[in-house]
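Q: Quick one, fold the following:
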Amino acid sequence: MKFVDRIEESGRLTKALAADNTSFVVVYGRRRLGKSTLIKRVLTSKDVYYLADQTEAIHQREVLAKMIASVIPGFDKVIYPDWDSLLDTLNDRLDKRFTLCIDEFPYLVSACPEFPSILQKKLDSKALKYNLIVCGSSQQLMYGLVLDSTSPLYGRADVILKIAPIKLPYIQQALKLSDVEAVEEYAVWGGVPRYWELREGDKNLLDSIKHNMLSVNGTLYEEPMKLFKDDMNDIVKTATIMSYVGLGANKLSEIAGRCGEVSTNLSRPLSKLMSLGYLEKELPYGEDEKNSKKSLYKISDPFMNFYFRFIVPYRSFIELGRITPILSAYENQFSAFVAQYWEKLCRESVSGNDIDGVTYGIARRWWGNVSRTEKIEIDVVAESLDKKYLFVGECKWTAGENTDRLMSELKKKAEKLPFAKNHIIVAKLFLKNHPSGESKDVLSPADVIRLMRQ
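A: Residues are numbered from 1 along each chain as shown. All right, here's what the predicted structure looks like:
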């Protein structure tokens with residue numbers, strides 16, 4: 001698959017490694033996001049890339065010495081009794097600066113807990129002749145090892161890159177998809193390059209889902225559990241929470257009730273899942289996060305959402321090799337499932353963007369009572385930065401919508417919003433299929449993708 005995006009990250013890495021002084025770079029983020037691929041694209045044949053593992057420290061030093069021997073002949077002919085001697089010898093034998101990358105850094109630290117303190121001394125001495133990159137997939141461990149204020153390496157990094165999922169427009173570029181297909185595929189795979197690579201090997205979306213998820217031998221059949229092992233102590237509780245949220249338990253009281261827990265017992269795992277990017281807390285537009293009682297928990301990662309909606313409830317069928325019930329659920333529910341992410345993508349395309357010459361702030365959904373008997377919901381709400389305009393949007397992922405009726409209903413709802421006074425209302429429809437003719441009030445998948453490229 002063609003390498004896409006990561007323009008900013010590549011630029012920051014390249015700049016750091018070419019700086020006048022040697023650099024200490026930290027790269028971290030969840031698995032499958034292409035951290036190692038990104039680093040390898042920046043390294044040259046004169047640099048050393050070392051993938052740490054879970055073996056003893058003495059073995060890891062031997063392997064690293066062999067890797068270094070590819071650029072410093074004979075470096076592996078010596079037995080290094082400790083890390084100090086290896087790093088000092090490396091420094092002494094260098095006549096030209098190069099870059100050493102230690103990938104899966106937490107594995108090395110697990111075998112040698114004192115390694116961060118050893119590195120601290122080397123970095124503080126300002127005598128290193130080589131750039132150093134440390135990379136890891138366990139976000140919790142990488143934070144604790146490098147970014148926590150109690151860590152020996154805290155404050156030493158010259159560049160810190162937290163690798164995030166790639167945005168929607170790039171899946172279209174990578175897999176050569178139509179605009180509609182890009183939205184549908186992104187709703188399943190999210191912005192994870194490794195999943196895109198797996199998808200690329202199959203004829204279509206459904207075939208790829210069958211091959212990778214609807215089989216006990218599928219590459220992604222146990223994927224969430226593998227990811228949770230990196231960062232969560234209680235995998236069972238984590239999977240339980242994600243399962244209930246995926247099936248529609250969005251309020252804290254509902255999640256706690258289904259888990260058989262007191263609500264306060266879930267605050268820590270929920271916060272952790274949000275910090276890792278697996279869950280998000282949704283608030284109505286204009287609500288204060290600290291004081292609002294209307295917050296809803298949603299699975300923020302598209303792949304996780306798909307997995308806990310379509311795979312987890314049917315695992316027994318998959319174990320039996322019977323996927324017909326899952327395919328039936330997929331056929332009946334997939335359009336509604338994509339519609340959730342279509343709404344989210346529409347809000348993201350508006351947030352901070354210029355639309356018809358007006359720049360808007362962060363867009364959110366709004367729901368609530370406008371009278372004792374009437375409750376309304378608007379999919380996209382955002383205020384312009386100059387406070388003059390209020391953007392409201394309705395999102396549909398179905399065909400043949402009556403645009404006149406939808407627009408009329410949207411404007412009527414917008415007029416009832418408690419915060420709409422003194423604003424000029426800008427109403428837009430976000431539709432799967434653009435109606436015939438030209439309309440500035442209708443945005444299609446092509447328009448959303450274009451806005452997300454800005």
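Q: Do me a favour and get the end-to-end distance for stretch 224-239?
A: 8 Å (Cα to Cα, to the nearest Å).
Q: who touches stretch 154-169?
A: 4-6, 9, 12-13, 16, 19, 23-29, 33-35, 38, 119-120, 123-124, 146-148, 182-183, 186, 190-193, 277, 301, 345, 448-449, 452-453 (Cβ atoms under 8 Å, 6 or more residues apart in numbering). From N, CA and C alone the C-beta is placed, and that goes for glycine too.
Q: nope, stretch 172-184 is what I meant
A: 1-2, 4, 168-169, 171, 185, 193, 196, 199-200, 205, 338, 341-342, 345, 397, 432-433, 444-446, 448-449.
Q: And the buried ones among these, selectable in PyMOL?
A: What follows is the PyMOL syntax for the buried subset of those, where burial is set by 16 or more other Cβ atoms under 10 Å:
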select buried, resi 4+168+169+171+185+193+196+199+205+338+341+342+345+397+432+444+445+448+449
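Q: Now, the contacts of stretch 172-184 that are in helices?
A: Counting by DSSP state H, the contacts of stretch 172-184 place 168-169, 171, 185, 193, 196, 199-200, 205, 338, 341-342, 345, 445-446, 448-449 in helices.
Q: what's near enough to touch residue 31?
A: 137, 194, 226-227, 230.
Q: Now do the SS call for residue 174.
A: Look at residue 174: counting by DSSP: H, G, I helix; E, B strand; the rest coil, its state is helix.
Q: what do you get for residue 383?
A: Residue 383 ends up strand, using three-state DSSP.
Q: Could you report the separation of it from residue 415?
A: 16 Å (Cβ to Cβ, to the nearest Å).
Q: cool, and residue 39?
A: 53 Å.
Q: my guess is residue 272 contacts residue 232, does it?
A: Yes. Counting by Cβ atoms under 8 Å, residue 272 touches residue 232, with 6.9 Å between them.
Q: Which among the contacts of stretch 154-169 count as buried?
A: 4-6, 9, 12-13, 16, 23-29, 33-35, 38, 119-120, 123, 146-147, 182-183, 186, 190-193, 277, 301, 345, 448-449, 452.
Q: who has more neighbours, residue 383 and residue 415?
A: residue 383 (18 against 12; other Cβ atoms under 10 Å).
Q: beta partners of the more buried one?
A: Taking DSSP bridges as the rule, residue 383 bridges to residue 390.
Q: Confirm for me that it is in contact with residue 390.
A: Yes. With contact defined as Cβ under 8 Å, residue 383 reaches residue 390; the gap is 5.7 Å.
Q: Mutual contacts of the two, please.
A: Joint contacts of residue 383 and residue 390 (Cβ under 8 Å, 6+ apart) are residue 423.
Q: Please pull out the lowest mean pLDDT helix or strand from the protein.
A: The helix or strand of the chain with the poorest confidence is helix 139-142; it has a mean of 86 (mean pLDDT, DSSP states H and E).
Q: The nearest residue to residue 318 once chain neighbours are set aside: how many residues sit nearby?
A: Leaving aside its chain neighbours, residue 318 sits nearest to residue 214 (5.9 Å; criterion: Cβ to Cβ, 6 or more residues apart in numbering). By other Cβ under 10 Å, 22 other residues sit near residue 214.
Q: Just want the most central residue of this protein.
A: Among the residues of the chain, the one closest to the centroid is residue 165, at 3.7 Å (Cα atoms, centre = their mean).
Q: That one in helix, strand or coil?
A: coil.
Q: distance of it from residue 191?
A: 3 Å.
Q: What residues sit buried inside the helix or strand containing residue 229?
A: Following DSSP states H and E, one finds residue 229 within helix 223-231. Neighbour counts over helix 223-231 (16+ other Cβ under 10 Å) mark 223-224, 227-228, 230-231 as buried.
Q: could you point out which element follows it?
A: helix 235-246.
Q: Give me the neighbour count for residue 324.
A: Residue 324: 8 neighbours (other Cβ under 10 Å).
Q: now swap in residue 189 and tell me
A: 26.
Q: so where's the stretch 301-450 of the chain uncertain?
A: 436-439 (pLDDT under 70).
Q: For it, which segments count as helices?
A: Using DSSP state H, counting those that start in this stretch, the helices found in the stretch 301-450 of the chain span residues 302-306, 315-320, 324-350, 403-415, 445-453.
Q: what's the distance between residue 63 and residue 116?
A: 20 Å.
Q: before we move on, what about residue 360?
A: 44 Å.
Q: Is the residue nearest to residue 93 when sequence neighbours are not counted part of a helix or strand, or is it coil?
A: Nearest non-adjacent residue to residue 93, counting by Cβ to Cβ, 6+ apart: residue 72, 5.5 Å away. The three-state assignment at residue 72 reads coil, by three-state DSSP.
Q: burial of residue 72, as a residue count?
A: When neighbours are counted by other Cβ under 10 Å, residue 72 comes out with 16.
Q: Let me know the pLDDT of it.
A: At residue 72 the predicted local distance difference test score is 95.
Q: Equivalent analysis for residue 27, please.
A: pLDDT at residue 27 comes out at 95.
Q: Hmm, residue 133 and it touching each other?
A: Yes. At 6.4 Å, residue 27 counts as touching residue 133 under the criterion of Cβ under 8 Å.
Q: Now the common contact residues for the two.
A: By Cβ under 8 Å, 6+ apart, residue 27 and residue 133 have these common neighbours: 13, 39.
Q: isn't there a strand covering residue 177?
A: No. Assigned with three-state DSSP, residue 177 falls outside any strand and is coil.
Q: for the helix or strand that contains residue 273, which positions count as buried?
A: In this assignment (DSSP H and E), residue 273 forms part of helix 267-275. The neighbour-count check on helix 267-275 (16+ other Cβ under 10 Å) flags 269-270, 272-273 as buried.
Q: next one: stretch 211-225
A: Residues 211-214, 218, 220-221, 223-224 are the ones in stretch 211-225 that count as buried (16+ other Cβ under 10 Å).
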